[in-house]
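**Q** give me a model of this one.
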Amino acid sequence: MSATTPAPAPPARPAPERRASRRTGRGRRPGRHRSRALVAAVLLYTVLVAVAVLFLLPYYLIARNGLSTPEEITSPEWTLLPAALQWGNIAELFGPGSLMAVGLRNSAVVAVLQTAGQLLVCAPAGYALARIPYRHADTVFYLVVVVLMIPAAVTFVPTFVMVSSLGWVSSLRGLVVPMLFSGFTAFLFRQFFLGFPRELEDAARVDGLGYWGTFWRVVVPNSLQFFAAIGVITFIGSWNSFLWPLVIAQDSQAWTVQVVLSTYITAQTIDLQELFAAAAVSVAPLVLVFLFFQRHIVQGATETGIKG
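**A** Predicted coordinates for the structure are as follows:
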């Protein structure tokens, strides 16, 4: 009689209570995650709205006061909007004898030329510091860093003496040429080009391009987002510049918009409604530039040159 092999015992099944509790747990977890995500999203958007209102508050005050009467601006009883929008305040800015149109024109020309000049000068300088190997590369880079540590007030008088000796006072050359190079912009370009993919540059050199051809045909087309970000920052800085145009533009026909704004505040009078209206007009180009290039600014700050 042969021994029979006992059949394997069936696997133990969990108790009904355990199965029920597991099903209940599986049903609750997605709901908990969904509620937590909803709460986090509500908190995030609440903070973003609060920060947006905080940053937009100065622009609201400028626009509101620019379309108000002097009595409404200085009145202790605050209202969100003036009783009647005074569009004539803006019309007076461009009336006879006003220099606002001259200031806007000069600021636009100076800002565009300075931005283009800095991109054309500082970008090759930064690329040379990052990629071209030569004996004194580190020394030149350290000198650029040292220049960043020198206060602008130290170089202000020598620069003015040099510009004055060239006869560039009250001219666009005097406003633009001294600001065509920026050590900080060159430093930013150098740090950016250090992270640029070398494989693309090696492929360009295999095709017979040198450093100059590689820079213009390969590096620049793949770095436009960063160029746009630096260009917008340079444009805004040039547009808001006040001290250098105030000193070098001694003729009223060479004033920039920031110098024109200062004329609404004198030791004798303060034209509040015209001051706020002029401030609103002077800020409008910067807002348009930022809105048009905001996508490029964000991508230029987050990307390192190449999209995968």
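**Q** show residues contacting the helix or strand harbouring Gly231.
**A** Here Gly231 is covered by helix 224-239, with elements defined by DSSP states H and E. Helix 224-239 is contacted by residues 107, 110-112, 114-115, 118-119, 123, 179, 182, 185, 188-189, 192, 220, 257-258, 285-286, 289-290, 293, 296-297, 299-301, 303, 305 when judged by Cβ atoms under 8 Å, 6 or more residues apart in numbering. From N, CA and C alone the C-beta is placed, and that goes for glycine too.
**Q** what subset of those is buried?
**A** Among these, those scoring as buried are 107, 110-111, 114-115, 118-119, 123, 179, 182, 185, 188-189, 192, 220, 257-258, 285, 289, 293, 296-297, 300, 303, 305 (criterion: 16 or more other Cβ atoms under 10 Å).
**Q** helices - which of those residues land there?
**A** Cross-referencing the buried ones among the contacts of helix 224-239 with the helices (criterion: DSSP state H) gives 107, 110-111, 114-115, 118-119, 123, 185, 188-189, 192, 257-258, 285, 289, 293, 296-297, 300 as the overlap.
**Q** list the buried residues of the helix holding Gly231.
**A** Within helix 224-239, the residues that qualify as buried are 225-239, counting by 16+ other Cβ under 10 Å.
**Q** out of these, the closest to Phe55 would be?
**A** Ile236 (15.1 Å; Cβ to Cβ).
**Q** pLDDT wise, what is that closest one at?
**A** Looking at Ile236, its pLDDT stands at 91.
**Q** equivalent analysis for Arg34, please.
**A** Looking at Arg34, its pLDDT reads 82.
**Q** can you tell me the element it falls in?
**A** Secondary structure assigned from DSSP H and E places Arg34 in helix 16-66.
**Q** give me every residue that touches the residue nearest to Ile132 when sequence neighbours are not counted.
**A** Counting by Cβ to Cβ, 6 or more residues apart in numbering, Ile132 lies nearest to Tyr211, which is 5.7 Å off, once chain neighbours are set aside. Contacts for Tyr211 were tallied using Cβ under 8 Å, 6+ apart; they are Tyr127, Ala128, Arg131, Ile132.
**Q** in CSV: those residues, plus pLDDT and neighbour count.
**A** As requested, those are arranged in CSV below (pLDDT from 0 to 100; neighbours: other Cβ atoms under 10 Å):
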residue, pLDDT, neighbour count
Tyr127, 93, 25
Ala128, 91, 19
Arg131, 89, 18
Ile132, 87, 12
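**Q** tell me which of those is nearest to Thr69?
**A** Tyr127 (55.1 Å).
**Q** hang on, isn't the closest one packed against Phe189?
**A** Yes - at 6.7 Å, Tyr127 counts as touching Phe189 under the criterion of Cβ atoms under 8 Å.
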